[in-house]
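Enquirer: 3D model of this:
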Amino acid sequence: MPIRLDWDAVEACVKHICDVIEELEDIKVSTVVGINKGGVIPAMLLAKRLDVDFNVMHIDPAWTCFFDDKFSYQLRDGVGEWRNVLLVDDICDSGRTMKSIIEQLQKEGYHTNTLNTCALIYKSKSIHTPNLYAIKTEEDSWYQFPWESDNEMQKDMR
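Expert: As a prediction, this is how the structure comes out:
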């Protein structure tokens, strides 16, 4: 049975992350990029609250199914040199998505030293630790966000 987060929980997570960003002087954000699908809504909420630009990164679904070398992505709009970008996903589970995106951007010659990663939920078993997160868990539970239907969850849990 998945752990269900409601909209109030998501808003609390977004507020917590924004509060941390405001407190930390070393994290500057000019653009928030949401990883499609799960990171788009949290990224939009963060961008709105931070009053910065918003973008969407679409990752080829074939790559996410197999995590092979055929990684490809597409952005709705360019983000320049990837400076002061906050890359957002709903959950950092295995960490492979964020780690692969950062590696790909480095291969393309982008300086990722001002790229920060963010997830509403961070599982400690992940191979990537996001710079920002709202909830850290040791559990390997399934989480259901309010924008996910029960049918999607059942399909993903198979």
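
Enquirer: What mean pLDDT does the longest helix along the chain get?
Expert: Secondary structure of the chain per DSSP state H: the longest helix is helix 7-23. Average pLDDT, helix 7-23: 97.

Enquirer: what residues does it touch?
Expert: For helix 7-23, the external contacting residues (CB atoms under 8 Å, 6 or more residues apart in numbering) are 5, 27, 29, 41-42, 45-46, 49-50, 86, 118, 120-121, 132-135, 145-146. The way it works is simple: take the backbone N, C-alpha and C, and place the C-beta from them, glycine included.

Enquirer: make it 10 Å
Expert: By CB atoms under 10 Å, 6 or more residues apart in numbering, the surrounding residues in contact with helix 7-23 are 3, 5-6, 27-29, 41-46, 48-50, 86, 88, 90, 116, 118-121, 130-135, 145-147.

Enquirer: Sheet partners, orientation included, of the helix or strand just after it?
Expert: As assigned by DSSP states H and E, the chain's next helix or strand after helix 7-23 is strand 31-35. Here strand 31-35 is paired, per DSSP bridges, with strand 53-59 (parallel), strand 85-92 (parallel).
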